[in-house]
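>>> Sharing a model prediction with you, sequence too.
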Amino acid sequence: MKRSGPLLTLFAGLLLGLFMLSLNATTGTKSASTTYREDAPAVTASPSPTASPSATKTPPAPSPTTSPVPDAEYAGRTDDDSSAVSVSVRDGRAVAYFCDGHDKESWLKGEVKDDGRMRLTGEHGAVLNGTLEAGRRIRGGVDIDGGHYAFTADRAKKPSGLYRATATVRAAKVDGGWIILKDGTQVGVLTRGGKPSPAPPIDPETGVVTVDGQQLTAHPVVP
């Protein structure tokens, strides 16, 4: 009996040592696992991404675009072939001239809308209503002295277009307007001292014209 006591004590101590060794090993494994998770954010759960509010909105429709009104000259005749009409367009504004080549004329001016429509006005209630078609021609009508004159004015190429000369000749004020058509024909009215008459021809290259023995220069008209 005396010999079994020390053996039991030794055996018990051995079991206790094995138990403590196992406990320490288990605690070390758990500590290593926790540290790895903190250093690896890729495996950390994160909130699922949500769509940006702007991504769900329907993009606004593009605003309509219009082509700018081209700067150009237009010249043509009335439908009844009694008169001529010329229009000069610059920066959305227009100046026009209507004349019959004898004694009826009118200078008109106004704005050209982005869609090509225009309403030009002159003295004594004269009105030109027209529409620019694709930058190639102007169709419309002139109301003057109680008459209506429909016209078509095609885009002009120099020297075709609209010309004007003003001066004082022999103490009389002279004001002349000329329309040169694409075939070279000139239609104009010259007013001396308030009295209109057919205008003498101008040189289409230089614009020079002789009025009562005095040379004047007619210049292209722009708004």
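Structure received. Numbers count the residues shown, from 1 in each chain.
>>> For residue 115, which three-state class applies?
Residue 115 carries the three-state label coil when classified by DSSP: H, G, I helix; E, B strand; the rest coil.
>>> Phi, psi for it please.
Here is the backbone geometry of residue 115 (degrees, to the nearest 10): phi -90, psi 10.
>>> before we move on, what about residue 167?
Dihedral pair for residue 167: phi -170, psi 180, per degrees, to the nearest 10.
>>> Tell me the bridge partners for it.
Partner residues in beta bridges with residue 167, using DSSP bridges, are residue 174.
>>> same check, this time on residue 78
Taking DSSP bridges, one obtains residue 151 as the residues bridged to residue 78.
>>> Kindly provide the distance from it to residue 210.
Separation of residue 78 from residue 210 (CB to CB, to the nearest Å): 28 Å. (C-beta placed from N, C-alpha, C; glycine too.)
>>> swap in residue 74?
From residue 74 across to residue 210, the span is 28 Å (CB to CB).
>>> higher neighbour count, those two?
residue 74 (26 against 12; other CB atoms under 10 Å).
>>> How about the secondary structure of the more buried one?
Of the three states, residue 74 takes strand under three-state DSSP.
>>> show me what contacts the nearest residue to it once chain neighbours are set aside?
Counting by CB to CB, 6 or more residues apart in numbering, residue 153 is the residue found nearest to residue 74 once chain neighbours are left out, at 3.9 Å. By CB atoms under 8 Å, 6 or more residues apart in numbering, residue 153 lies in contact with 74-76, 85-87, 130, 137-139.
>>> From residue 82, how far out is the closest residue to residue 80 other than its chain neighbours?
Once flanking residues are discounted, residue 80 sits nearest to residue 149: 6.9 Å by CB to CB, 6+ apart. Distance of residue 149 to residue 82, given as CB to CB: 7 Å.
>>> Before I go, just wanted to say thanks for your time.
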